[in-house]
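Student: fold the following and give me the result.
(one chain, ligands or ions: 1)
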Amino acid sequence: MYWDERIECMDREGIEQVQLENLQATLNRVYKNVRHYRKVFREVDFMPEDLQSIEDIRKLPFITRRDLSRNYPYEMFAVPLREVVRLHTASFNFDDPVVIGFTKNDIHNWGELMARNLTAAGVGKDDVVQIALTFGIITGPFGVQVGAEKIGASVIPISSGRLYQQVKIMRDFRTTTLVSTPTVALGLARTMAEMDVDANSLALKCGIFGSEPWSEDTRDDLETALHVTATDTYGLTEIFGPGVAWECPEKGGLHIAEDHFIPEIIDPDTLEPLPPGSEGELVLTTIAKEAFPLIRFRTGDLTRIDYSPCACGRTHCRISRIFKRSDEVVVVKGTTIAPEQVGQAIARVSGGQPNFQLVITREADVDQLLVMVEISDINFFDEMKKQRRFVERLHRDISETLGWEVAVRLVEPGTFDPQKRVRDERDFI
Ligand SMILES: [Zn+2]
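Tutor: Coordinates of the predicted model:
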């Protein structure tokens with residue numbers, strides 16, 4: 001089943017034609033309306049009309065999250081604010097967050113992409129879609145809602161948490177589709193067992209999971225416990241949230257919507273493009289976004305691209321499932337955190353910058369974050385009481401910065417490698 005068969009099954013020549021036309025239009029627009037792009041295009045002596053082929057995009061510089069943050073709040077917008085109908089922020093704490101705007105048409109397109117995603121996952125107009133993603137913190141649930149309503153499915157925007165109530169609703173409302181992070185889905189499966197609710201008594205058939213990395217083992221666990229077909233979805237807050245790439249029933253990679261995005265794979269160290277099939281950092285150019293277009297955005301996600309035909313009939317290329325990143329940014333409990341965020345909180349409390357390391361583990365399917373801070377002159381206290389108070393302040397400040405509880409421990413120098421600020425001990429593969 002396809003949502004938009006003409007586009008989803010278009011031949012390569014057709015896709016490239018759409019890409020070239022939309023890329024040309026996007027470059028013209030950003031050159032005219034966004035000072036940052038005008039400046040960097042001039043620096044490499046590239047005018048939008050110089051574009052002859054899609055490969056010419058490689059002549060343009062990359063854009064990073066830091067660039068987006070520097071242009072806080074609206075400097076990257078390619079339309080006047082009066083045309084923006086929605087604003088989201090991404091939680092990266094450089095000096096300022098990244099602000100993402102959407103026009104009416106952007107929201108329409110997001111809905112179309114999510115309708116394709118949901119249809120590929122098996123959702124139709126008779127389905128009941130329970131969205132157990134946190135509304136507000138991440139953009140994902142808004143897109144799922146727009147897409148599901150476009151299909152004509154019934155939406156339950158319940159957000160995450162309150163698992164007992166979720167199971168009751170899942171049973172009583174005859175939910176057929178669960179959209180959540182894999183962590184929440186596993187929590188629901190455990191709650192069902194506690195409540196003695198058998199998956200056979202539910203109407204569930206589809207599970208769409210994303211927002212954090214999850215393994216094939218987790219897929220097996222979820223499919224067994226919830227009696228669903230579990231598919232992965234991929235997106236970025238800076239672009240849409242979900243609706244960038246998604247799995248079809250073949251589960252052999254995630255189809256990128258190539259009529260909206262041009263993907264590239266680069267070596268994250270040399271920044272050179274890599275040959276097809278190689279693993280590297282995913283770079284995306286948006287070619288249909290109006291308010292917040294991104295030219296060669298470095299996602300930080302490591303994957304490979306497969307252009308071979310897929311048995312589902314969709315012709316758009318596939319990226320492999322994403323488990324790793326090229327930078328130190330990590331996804332914990334469905335939200336993205338950069339070590340800088342924690343470093344800034346530590347600096348605020350310490351008045352200096354001691355070495356620290358984030359240790360991420362997964363216990364009973366729930367992500368845990370421990371922040372280890374090295375004892376140094378900055379934070380050495382003779383009195384236990386003072387030391388305890390210091391750790392309490394660190395705990396409070398970091399927990400507040402991230403929006404959830406973390407553990408903090410002061411450790412002797414040499415306990416960890418200070419060059420390595422993130423130690424991710426979760427097992428995804
Ligand atoms: Zn497919």
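Student: okay, domains of this protein per the record?
Tutor: For the chain, the domain assignment from automatic domain parsing gives the residue ranges 1-325, 332-424.
Student: which helix in the protein runs the most residues?
Tutor: Determined from DSSP state H, the single longest helix within the chain is helix 12-33.
Student: just the element for residue 223, please.
Tutor: Element membership for residue 223 (DSSP states H and E) is helix 216-226.
Student: list the helices and strands that helix packs on?
Tutor: helix 182-194, strand 206-210, strand 229-236 (3 or more Cβ pairs under 8 Å, 6 or more residues apart in numbering; DSSP states H and E). Every residue, glycine included, has its C-beta placed from N, CA and C.
Student: export these as JSON lines, with columns for mean pLDDT and distance to the ion.
Tutor: Output for the helices and strands packed on helix 216-226, formatted as JSON lines (pLDDT from 0 to 100; distance: least, Cβ to the ion, whole Å):
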{"stretch": "helix 182-194", "mean pLDDT": "92", "distance to the ion": "21"}
{"stretch": "strand 206-210", "mean pLDDT": "96", "distance to the ion": "15"}
{"stretch": "strand 229-236", "mean pLDDT": "96", "distance to the ion": "11"}
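Student: of those, flag the one that's most buried.
Tutor: When the helices and strands packed on helix 216-226 are scored by mean count of other Cβ atoms under 10 Å, the highest mean neighbour count falls to strand 206-210 (a mean of 26).
Student: packing partners of that strand?
Tutor: With contacts defined as 3+ Cβ pairs under 8 Å, 6+ apart, strand 206-210 has these neighbours: strand 177-180, helix 182-194, helix 216-226, strand 229-236.
Student: out of these, nearest to residue 101?
Tutor: Nearest of those to residue 101, taken as Cβ to Cβ: strand 229-236 at 15.0 Å.
Student: follow-up on the earlier one: just name the most buried of the domains of the chain.
Tutor: Using mean count of other Cβ under 10 Å, the stretch among the domains of the chain with the largest mean neighbour count is domain 1-325, at a mean of 19.
Student: how long is it end to end?
Tutor: 32 Å (Cα to Cα, to the nearest Å).
Student: next one: stretch 161-178
Tutor: In stretch 161-178, first residue to last residue: 14 Å (Cα to Cα).
Student: check the offset of that stretch from the chain's centre.
Tutor: On the basis of Cα atoms, centre = their mean, to the nearest Å, stretch 161-178 sits 25 Å off its chain's mean C-alpha point.
Student: quick revisit: what does the helix holding residue 223 contact?
Tutor: Contact with helix 216-226 is made by 178, 182, 185-186, 188-189, 192, 199, 202, 204, 207, 209, 228-230, 251, 429, as judged by Cβ atoms under 8 Å, 6 or more residues apart in numbering.
Student: go on, stretch 261-270?
Tutor: For stretch 261-270, contacts defined as Cβ under 8 Å, 6+ apart pick out 19, 23, 54, 57-58, 62, 239, 244, 256, 272-274, 276, 278-287, 296, 298, 302-305, 317, 319, 326-327.
Student: CA atoms of that stretch as CSV?
Tutor: Extracted C-alpha coordinates of stretch 261-270, given in CSV (Å, rounded to 0.1, in the frame of the first residue of the first chain):
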residue,chain,number,x,y,z
PHE,A,261,15.6,15.7,0.6
ILE,A,262,18.9,15.1,-1.2
PRO,A,263,21.0,12.8,0.9
GLU,A,264,24.8,12.6,0.8
ILE,A,265,27.3,10.5,2.8
ILE,A,266,30.6,12.1,3.8
ASP,A,267,33.7,11.1,5.8
PRO,A,268,33.1,13.0,9.0
ASP,A,269,36.9,13.7,9.4
THR,A,270,37.9,14.7,5.9
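Student: and it, how far out from the chain middle?
Tutor: How far stretch 261-270 lies from its chain's middle: 17 Å, per Cα atoms, centre = their mean.
Student: and stretch 320-333, by the same measure?
Tutor: A distance of 9 Å separates the centroid of the chain from that of stretch 320-333, by Cα atoms, centre = their mean.
Student: tell me which other helices or strands the helix or strand hosting residue 36 touches.
Tutor: Secondary structure from DSSP H and E places residue 36 in helix 35-43. Of the remaining helices and strands, those touching helix 35-43 by 3+ Cβ pairs under 8 Å, 6+ apart are helix 12-33.
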